[in-house]
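Visitor: sequence and predicted model, in that order:
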Amino acid sequence: LRGTWYGTIGFLEDYLGARWLWPGQLGEIIPQKKDLVVGEIDRSESPALAIRILRSINQYSRWTFWANELGFPIEERVAMDQELSRWAGHQRLGTSITMYLTEFGKTWVYKFGKDHPDWFALQPNGKRLLKLLPPHQRPQMCFSNPGLIDEVVRRTVEYVDAHPLWDGYGIYPSDSIEGYNCVCDLCKANGPTRSDQRSHYFQAVAEKLAKLRPGKYGTALAYYNYVDPPTRDIQFGDNVLLDFCNAGYFEDEERRKSIARWEGWAKHAQKMVWRPNNFCNVIGAGVPRSYVTKMGQDFSYFYQNKMVGVNFDRIHPQWACAGLNYYVAAKLAWNPLKPVEDIVNDYCEKGFGTAAPAVKKYFTTLERITDRVAAERKKGEHISSVYTVADLRKLRPILTRAKVLAGDDREVLARIAFLAEALDFAEVEVPVYRAIAQTRRSKLSQAEMGSFRKLLDRRKAYIRQHFNSRAVDVVSHSWREKWLEDQLLRPL
């Protein structure tokens, strides 16, 4: 059935000109034709990647909490999620390798701490870490322990036996906390780094799984403080899917490190899944940005170096700020070698008609600004504080020109207005974060304090007026209101 669906979508796009730029009716393009003539077609194709997932923020519990705090009706959120699901279907996202992705949750301490304390990380004081660690309340394990390895294998076998249509199970640990690694002799013997120790564990589980359930996968993870490749010569079997997590496109140096790390892991793994945090990076959600060229380069390079899938974390409802990035990622998930320029040109031409040249210039200018931010931004610096008012002033006139080119085409004018919402919010957000940067450099006068209060009030009002926006994700910014007040208005 999925093949029939994919073929239908391909026909609608390639032969009839249909497009789905973003979720909802405004992003849908269905050409109206009086006559439909299609010649003989003899064509077959399949997606290059087995796993093509762009996750939704609507499934994220903290986002749901913030939405509730703003009074965002659940019915509207459900409708938003349904729109996103339809959009994903039209992009032919999906997977032919179905995995249940889990991790060592907080219940492990309660279930196994009493009877199997040796499964938990040994600390320098000689005691096992039988408690949950903030901020996410997760345990830390002894990954060399044979009993722990057997339990993970048992749970994996139990799950795939109960769910025969599923291809595998997550065998990766919870987020590791600095300073709480296991220091037992066996863990230390497996290597000096967290990556060495976890790689040894992944391989031990996978070897047993291969004997018990051939053809089933275990999903491993390269993440956080074990994202660097192992120093030991460990070779994963072909039943290990290694999810590789990198930081994104807001720091050039970090991207260079991520590519080097991918190359390192590719020496140990046969199958890798790119699982970046590009889309869920909330600190960049308040400004428009485009990094499609760099992303296209990475898609192509990773695909030619062990990549079998992508699992992006995660799409926010900010389709004016980052929608082009989402769209390009979806198209590259089907064909990682497709030229990005072709995708962007098609997006502009199909979505904006006679205004396409100006919209293309808008995205090109936006990408140059994003590139400058990535080159200049210091580690930990808020992205919105690196953008400038001058950046925004470059973008607004281009969209004004696009409106002129659109003439009286109401749909195109509405899409241009949709893009402009990203600039509206950026004009609220950028001054706030630049003001915070100013407070860290010098003391403020009472007049400056008063002006900063007005900035915060304007931001708060905007968020409450646009809480259900698909263009900008103000929900994810609402949680920072108290922090912003503390930063801007704290006693001097």
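Guide: Thanks, I have the structure now. Numbers count the residues shown, from 1 in each chain.

Visitor: neighbours of Tyr362, just the number please.
Guide: When neighbours are counted by other C-beta atoms under 10 Å, Tyr362 registers 28. Bear in mind the C-beta positions are built from the backbone N, C-alpha and C, glycine included.

Visitor: could you look up the SS state of it?
Guide: At Tyr362 the chain is in helix, as set by DSSP: H, G, I helix; E, B strand; the rest coil.

Visitor: my read: it touches Thr400, true?
Guide: No - applying C-beta atoms under 8 Å, one finds Tyr362 not in contact with Thr400, separated by 10.3 Å.

Visitor: separation between Leu405 and Val359?
Guide: Per C-beta to C-beta, to the nearest Å, Leu405 is found 9 Å from Val359.

Visitor: higher neighbour count, these two?
Guide: Taking other C-beta under 10 Å, Leu405 and Val359 do not tie; Val359 has more neighbours (27 against 17).

Visitor: did I read that right, the more buried one in a helix?
Guide: Yes - under three-state DSSP, Val359 sits within a helix.

Visitor: does Asn311 touch Leu242 like I think?
Guide: No - using C-beta under 8 Å, Asn311 makes no contact with Leu242, being 11.6 Å away.

Visitor: okay, strands next: where are they in the stretch 1-150 of the chain?
Guide: According to DSSP state E, counting those that start in this stretch, the stretch 1-150 of the chain carries its strands in the segments 19-20, 28-29, 51-56, 94-95, 99-100.

Visitor: just checking, what packs against the longest one?
Guide: Counting contacts by 3 or more C-beta pairs under 8 Å, 6 or more residues apart in numbering; DSSP states H and E, strand 51-56 is packed against helix 74-90, strand 94-95, strand 307-315, helix 319-334.

Visitor: quickly run through the sheet partners of the third one, with directions.
Guide: Based on DSSP bridges, the strands next to strand 307-315 in the sheet, each with its direction, are strand 51-56 (parallel), strand 271-274 (parallel).

Visitor: equivalent analysis for the second one, please.
Guide: Here strand 94-95 is paired, per DSSP bridges, with strand 51-56 (antiparallel).

Visitor: now the angle from the strand it pairs with to helix 74-90?
Guide: 160 degrees (axes from the mean of the first three to the mean of the last three C-alpha atoms, to 10 degrees).

Visitor: and strand 51-56, how far out from the chain's middle?
Guide: What separates the centre of strand 51-56 from the centre of its chain is 9 Å, taken as C-alpha atoms, centre = their mean, to the nearest Å.

Visitor: and the gap between the closest residue to Asn278 other than its chain neighbours and Phe279?
Guide: Spatial nearest neighbour of Asn278, excluding adjacent residues (C-beta to C-beta, 6 or more residues apart in numbering): Gly248 at 4.3 Å. Going from Gly248 to Phe279 by C-beta to C-beta gives 8 Å.

Visitor: from the contact counts, what lies against the strand or helix carrying Glu341?
Guide: Using DSSP states H and E, Glu341 maps to helix 340-352. In this structure, helix 340-352 makes packing contacts with strand 19-20, helix 292-303, helix 319-334, helix 356-376, helix 410-439, judged by 3+ C-beta pairs under 8 Å, 6+ apart.

Visitor: the spatially most central residue of the chain: what's it in contact with?
Guide: In the chain, the centroid-proximal residue (C-alpha atoms, centre = their mean) is Asp313; its distance is 2.7 Å. Applying C-beta atoms under 8 Å, 6 or more residues apart in numbering, we find Asp313 in contact with 55, 275-277, 279-280.

Visitor: which strand or helix spans the residue lying closest to it once chain neighbours are set aside?
Guide: Ranked by C-beta to C-beta, 6+ apart and with sequence neighbours excluded, the top spatial neighbour of Asp313 is Cys280, at 4.8 Å. For Cys280, there is no host helix or strand (DSSP H and E).

Visitor: which residues does the helix or strand where Arg256 lies contact?
Guide: Arg256 is part of helix 252-266 when elements are defined by DSSP H and E. With contact meaning C-beta under 8 Å, 6+ apart, helix 252-266 is reached by 222, 227-229, 242, 244, 246-249, 272, 274, 294, 298, 301-302, 305-306, 374-375, 379.

Visitor: now do 7 Å
Guide: Helix 252-266 has contacts (C-beta atoms under 7 Å, 6 or more residues apart in numbering) with 222, 227-229, 242, 244, 246-247, 249, 272, 294, 302, 305-306, 374-375.

Visitor: list buried residues within these.
Guide: Among the contacts of helix 252-266, those scoring as buried are 222, 227-229, 242, 244, 246-247, 249, 272, 294, 302, 306, 374 (criterion: 16 or more other C-beta atoms under 10 Å).

Visitor: in the stretch 351-492 of the chain, where is pLDDT below threshold?
Guide: Scanning the stretch 351-492 of the chain for pLDDT under 70 picks out 488-492.

Visitor: distance between the ends of stretch 237-248?
Guide: The straight-line separation of the ends of stretch 237-248 (C-alpha to C-alpha, to the nearest Å) is 28 Å.

Visitor: grab the nearest non-local neighbour of Leu129.
Guide: Distances taken as C-beta to C-beta, 6+ apart place Ala121 nearest to Leu129, at 4.5 Å, with adjacent residues excluded.

Visitor: just to revisit the earlier point, find the residues that touch each one of Asn311 and Leu242.
Guide: Contact criterion C-beta under 7 Å, 6+ apart; residues shared by Asn311 and Leu242: Val273.

Visitor: which other residues reach stretch 319-327?
Guide: Contacting residues not belonging to stretch 319-327 are listed as 21-22, 54, 285, 287-292, 295, 315, 344, 347, 363, 418-419, 421-422, 470-472 [C-beta under 7 Å, 6+ apart].

Visitor: change it to 6 Å
Guide: Residues from elsewhere that reach stretch 319-327 (C-beta atoms under 6 Å, 6 or more residues apart in numbering): 22, 288, 290, 315, 363, 418-419, 421-422, 470-472.

Visitor: what of stretch 416-428?
Guide: Residues outside stretch 416-428 that contact it (C-beta under 6 Å, 6+ apart): 287-288, 320-321, 392, 395-396, 399, 402-403, 458-459, 462, 471-472.

Visitor: closest to Ser478 out of these?
Guide: Of all the contacts of stretch 416-428, Ser478 sits closest to Arg459, with 9.6 Å by C-beta to C-beta.

Visitor: ok, that closest one to Phe11 distance?
Guide: 46 Å.

Visitor: more neighbours: which of these two?
Guide: Neighbour count, other C-beta under 10 Å: between Arg459 and Phe11, Arg459 has more, with 22 against 14.

Visitor: just the pLDDT at Leu16, thanks.
Guide: With respect to pLDDT, Leu16 scores 94.

Visitor: how close does it sit to Phe279?
Guide: For Leu16 relative to Phe279 (C-beta to C-beta), the value is 30 Å.

Visitor: which one of those two has more residues nearby?
Guide: Higher neighbour count among Leu16 and Phe279: Phe279, with 22 against 12, using other C-beta under 10 Å.

Visitor: what sits against that one?
Guide: Phe279 neighbours (C-beta under 6 Å, 6+ apart): 312, 314-315.

Visitor: for Arg55, same thing?
Guide: For Arg55, the contacting residues are 313-314, by C-beta under 6 Å, 6+ apart.

Visitor: go on, Val474?
Guide: 463, 466-467.

Visitor: shaky segments in the stretch 151-300 of the chain?
Guide: Per-residue confidence for the stretch 151-300 of the chain (pLDDT under 70) gives these ranges: 175-177, 247, 281-285.

Visitor: ranges for the strands of it?
Guide: Counting by DSSP E, counting those that start in this stretch, the stretch 151-300 of the chain has these strands, from start to end: 168-170, 217-222, 240-244, 271-274.
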